[in-house]
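[1] need coordinates for the following:
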Amino acid sequence: MSSDELGKWAQVAELSRGPVEDLQITPQASVLCHVGRQLCTSWTETVFTEWINESHLIWTLCAALAESGLDREWTQGFDLYFHRQWVQIQSTMQQIQGVDRFLLDIPTPPMMMAVFGHSNGSTPR
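    Numbers count the residues shown, from 1 in each chain. Predicted structure coming up:
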């Protein structure tokens, strides 16, 4: 195992707060998001149930925004420059199961930052 792989496994162990051998992949809670770019007037609603790291999460949000077609400029740019890469990421995710997914090297997403707000029904944060 390379030192890079050992470093990634150490990060997985740290995130799981225990030995990697004890890590069990369990279904994650579904997350409902309203996705849009800054100053958008329309936001698309998307639900996702799986992500392995921040890059994968942002890729998922970027793809959902492109798929919605609400931001035509974003959809055209994503389809032209990033769609092929997103399809490859999804294919790789389907082929690799269990904790090995945490070792995937997900490329940098086309959006560098996402801002999340949380609402418990009455108070958005």
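[2] got any ranges where this protein has weak pLDDT?
    1-29, 40-41, 118-125 (pLDDT under 70).
[3] that one: strands as residue ranges?
    Using DSSP state E, the strands of the chain run over 31-35, 44-48.
[4] can you list contacts of the last one?
    Going back to what we said before, that points to strand 44-48. Residues from elsewhere that reach strand 44-48 (C-beta atoms under 8 Å, 6 or more residues apart in numbering): 30-36, 60-61, 64-65, 67-68, 70. C-beta here means a position set from N, CA and C on the backbone, and glycine is covered the same way.
[5] ranges for the helices of the chain?
    In the chain, the helices defined using DSSP state H lie at 3-16, 54-68, 72-81, 83-95.
[6] most neighbours per residue, which of those?
    helix 54-68 (a mean of 19; mean count of other C-beta atoms under 10 Å).
[7] CA atoms only for it, dumped as CSV, please.
    Below are the C-alpha coordinates for helix 54-68, written out as CSV (Å, rounded to 0.1, in the frame of the first residue of the first chain):
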residue,chain,number,x,y,z
GLU,A,54,-17.0,17.2,0.2
SER,A,55,-16.0,17.0,-3.4
HIS,A,56,-18.5,14.3,-4.2
LEU,A,57,-21.3,16.3,-2.4
ILE,A,58,-20.5,19.4,-4.4
TRP,A,59,-20.4,17.5,-7.7
THR,A,60,-23.8,16.1,-6.8
LEU,A,61,-25.2,19.5,-6.2
CYS,A,62,-23.6,20.9,-9.4
ALA,A,63,-25.1,18.1,-11.5
ALA,A,64,-28.5,18.6,-9.9
LEU,A,65,-28.5,22.3,-10.8
ALA,A,66,-27.5,21.5,-14.4
GLU,A,67,-30.1,18.7,-14.7
SER,A,68,-32.8,21.1,-13.5
